[in-house]
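Trainee: got a sequence here, can you build the structure:
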Amino acid sequence: MDKYKTISAFNKWFSAINLKELPFSIREKIFQAEKYHKKLSFEQFLKVFLYGIDNERASLREMDTSFVSPELQSTMALDSISHSQLSRVLAQMDDEILWAIFAQLLEKVRSKTPVTKKNALYLVDSSTFSLNTTRYPWADFRQTKAGIK
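Mentor: Residues are numbered from 1 along each chain as shown. Sure, this is the predicted structure:
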């Protein structure tokens, strides 16, 4: 981690998520997901993946190797984790749970700052559109392909 990001800051960001305030149906889905995963609770899963996103880990294997750090292990309350465990949990994760968490965080932001035209939140899709290399030489994507995000 670089000098501007600390584990304590990460915990502060995570503390904004309150799983107990989610709708009952979502809490039930979390409970069902936790029944099958004895080693990795939903909260730990969420922390691990938010950590991976925040630190721009390219793969589950990179996230796995991050757990060499004792500081990270104590923050996440995990001794170790394998990329296969992360893969299984991710494959079984229900999208509705993550949408509910996103909606909760968005509502917290809205309650503190009224939405105006200047501070409106826009979501951007990161899909890549393939283009013809000869017609669009400025759209560098790969050596043999052009594209834009």
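
Trainee: nearest residue to the residue nearest in space to the middle of the chain in space, please, no chain neighbours.
Mentor: Centroid check for the chain by CA atoms, centre = their mean gives L50 as the closest residue, at 4.0 Å. Nearest residue to L50, sequence neighbours excluded (CB to CB, 6 or more residues apart in numbering): F14, at 6.5 Å. Every C-beta, even on glycine, is put in place using the N, C-alpha and C of the backbone.

Trainee: can you list contacts of the helix or strand hosting R88?
Mentor: For R88, the host element (DSSP states H and E) is helix 83-92. Residues outside helix 83-92 that contact it (CB atoms under 8 Å, 6 or more residues apart in numbering): 33, 36-37, 39-40, 45, 48-49, 59-61, 63-64.

Trainee: now do the buried residues in the next helix or strand after that helix.
Mentor: The helix or strand immediately downstream of helix 83-92 is helix 95-112, counting by DSSP H and E. By neighbour count on 16 or more other CB atoms under 10 Å, the buried set for helix 95-112 is 97, 100-101, 104.

Trainee: what's the domain layout of this structure?
Mentor: 7-112, 114-149 (automatic domain parsing).

Trainee: quickly, which of the ones you listed bottoms out on average pLDDT?
Mentor: Mean pLDDT is lowest for domain 114-149 among the domains of the chain, at a mean of 75.

Trainee: what segments of the chain are helices?
Mentor: 7-14, 24-36, 42-54, 60-66, 70-76, 83-92, 95-112 (DSSP state H).

Trainee: got TSV for those, with distance to T144 too?
Mentor: As requested, the helices of the chain are exported to TSV (distance: least, CB to CB, whole Å):
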stretch	distance to T144
helix 7-14	40
helix 24-36	42
helix 42-54	30
helix 60-66	27
helix 70-76	39
helix 83-92	30
helix 95-112	34
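
Trainee: closest one to A139 among those helices?
Mentor: A139 lies closest, by CB to CB, to one member of those: helix 42-54, at 26.4 Å.

Trainee: show me how far the closest one is from its chain's centre.
Mentor: Distance of helix 42-54 from the chain centroid (CA atoms, centre = their mean, to the nearest Å) equals 6 Å.
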